[in-house]
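>>> turn this into a structure:
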Amino acid sequence: MNLLGQPAHVGRHCGSNVYEAEKAVVDFYADALGDRHPLQAQYAPPLLYHSECYKFVGEWYLKNLFGNLHGRQDWFLFAPIPLGARVRTRSTIIERYQRRGRDWVVNETDVMLDATGELLVRGHTHQSFLPPVKDQEQGGFVVDEKTAQKKVPPPFPTATGPDLAPLTKTVDERRCWMFSGPSRNYHTDREQAKKLGFPTIVVQGMMSTCFVSQLLQDHFGEGWLRGGRMSVKLTNVLWVDETVSVHGRIVDEQREGTQTRIRCEVWVDKRDGTRILAGDASALRS
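Model (predicted):
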């Protein structure tokens with residue numbers, strides 16, 4: 001898959017882009033996610049460039065795309081993205097490892113102010129790949145509704161603090177196209193999904209992390225934009241036309257220099273209780 005014919009090795013620079021965080025782009029994001037907030041009059045959503053790492057898949061994806069899955073995502077928010085700002089991105093492979101019969105590659109993508117180099121947002125994307133097709137059993141789907149439901153998550157949440165106001169989201173084909181398009185791929189097109197071993201459109205894992213970001217910004221405001229952290233595992237597949245609820249619960253408060261960090265557990269469930277995301281997040285008290 002690598003465009004230069006070289007292996008995806010740790011330290012590899014995968015690419016860079018420059019963008020304008022224009023109001024029209026922010027409005028499109030807000031429409032796609034159903035995420036509108038008063039702070040968008042001044043700042044772009046912190047995960048506006050949620051899928052920037054996928055602009056460089058030819059540089060860090062492994063050759064076998066059949067059954068590849070996004071398994072974990074970490075976000076680090078250092079400062080808000082000013083509306084109208086010119087930003088530069090940078091994509092780097094920072095880790096490779098093997099676990100449970102899959103090969104994992106971790107891509108680090110930074111979003112910086114182009115003029116000063118100030119780091120605004122950093123994402124770590126853990127993508128997993130199956131062994132080459134010749135080493136796999138043939139036939140059937142790599143993941144379908146029945147096999148996905150077999151996963152039993154550990155007890156979670158364990159926090160005993162107050163709950164954040166939950167969100168409810170339904171992910172239809174239009175939302176998939178707005179978030180993962182405009183190209184035809186397994187996140188936007190049923191036939192493309194089947195080619196990669198899935199029975200229907202697989203909702204892009206980044207979307208669930210954006211839902212969690214909305215939940216946290218709704219509760220913490222600028223305290224999320226100026227110090228947010230999120231580390232979540234994508235524990236099950238979300239299919240097109242399914243509805244999810246997005247939750248958070250406060251764990252505790254910790255001093256961080258002259259500020260206070262509020263730690264939370266976050267999770268996303270389908271209507272039938274299937275958990276598709278679980279992990280930790282935190283924000284500064286604004």
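
>>> name the nearest residue to Ala115, sequence neighbours excluded.
Among residues not flanking Ala115 along the chain, Arg86 sits closest, at 6.7 Å (CB to CB, 6 or more residues apart in numbering). Where you see a C-beta, it was placed from the backbone N, CA and C, and this is true even at glycine.

>>> ramachandran angles for that neighbour?
Phi and psi for Arg86, reported as degrees, to the nearest 10, are phi -90, psi 120.

>>> center of the chain, which residue is that?
Closest residue to the average C-alpha location of the chain: Met206 at 2.7 Å, with CA atoms, centre = their mean.

>>> wait, that one touches Gln73, no?
Yes: with contact defined as CB atoms under 8 Å, Met206 reaches Gln73; the gap is 6.9 Å.

>>> in a helix, Cys53, correct?
Yes: counting by DSSP: H, G, I helix; E, B strand; the rest coil, Cys53 is found in a helix.

>>> and Gln259, what is it in contact with?
Gly227, Leu284, Arg285 (CB atoms under 8 Å, 6 or more residues apart in numbering).

>>> that one bridge partners, please.
Gln259 forms beta bridges with Glu256, as assigned by DSSP bridges.

>>> would you list every one of the strands in the stretch 101-250 of the chain?
Remark: strands assigned in the stretch 101-250 of the chain by DSSP state E, counting those that start in this stretch are 102-113, 119-129, 167-171, 229-234, 242-256.

>>> which helices and strands does the host helix or strand of Ile93 pack with?
For Ile93, the host element (DSSP states H and E) is strand 86-99. Other helices and strands packing on strand 86-99, by 3 or more CB pairs under 8 Å, 6 or more residues apart in numbering; DSSP states H and E, are strand 13-15, strand 18-20, helix 57-60, strand 102-113, strand 119-129.

>>> so can I have JSON lines of the ones you listed showing distance to Val26?
Converted to JSON lines, those look like this (distance: least, CB to CB, whole Å):
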{"stretch": "strand 13-15", "distance to Val26": "23"}
{"stretch": "strand 18-20", "distance to Val26": "11"}
{"stretch": "helix 57-60", "distance to Val26": "25"}
{"stretch": "strand 102-113", "distance to Val26": "14"}
{"stretch": "strand 119-129", "distance to Val26": "14"}
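
>>> picking up where we left off before, contacts for the strand holding Ile93, please.
By CB under 8 Å, 6+ apart, the surrounding residues in contact with strand 86-99 are 8-21, 49, 52-53, 55-56, 59-60, 81, 103-115, 117, 120, 124, 128.

>>> quick check: mean pLDDT of it?
The pLDDT scores in strand 86-99 average 96.

>>> now do the buried residues in it.
Residues Val87, Thr89, Arg90, Ser91, Thr92, Ile93 are the ones in strand 86-99 that count as buried (16 or more other CB atoms under 10 Å).

>>> next: stretch 237-245.
Val237, Leu238, Trp239, Val240, Glu242, Val244.

>>> now tell me what touches that stretch from outside.
Contacts for stretch 237-245 (CB under 8 Å, 6+ apart): 69, 143, 145, 148, 166-173, 176, 190, 198, 200-203, 205, 207-208, 211, 268-271, 276.

>>> go with 7 Å
143, 145, 148, 166, 168-173, 176, 200-203, 208, 268-271, 276 (CB atoms under 7 Å, 6 or more residues apart in numbering).

>>> so what's the residue count around Lys55?
16 (other CB atoms under 10 Å).

>>> can I assume Pro46 sits in a strand?
No: per three-state DSSP, Pro46 lies outside any strand segment and is coil.

>>> and it, what does it touch?
Counted by CB under 7 Å, 6+ apart, Pro46 has contacts Leu77, Ile81, Val121, Ser213, Leu225, Gly228.

>>> all set, thanks.
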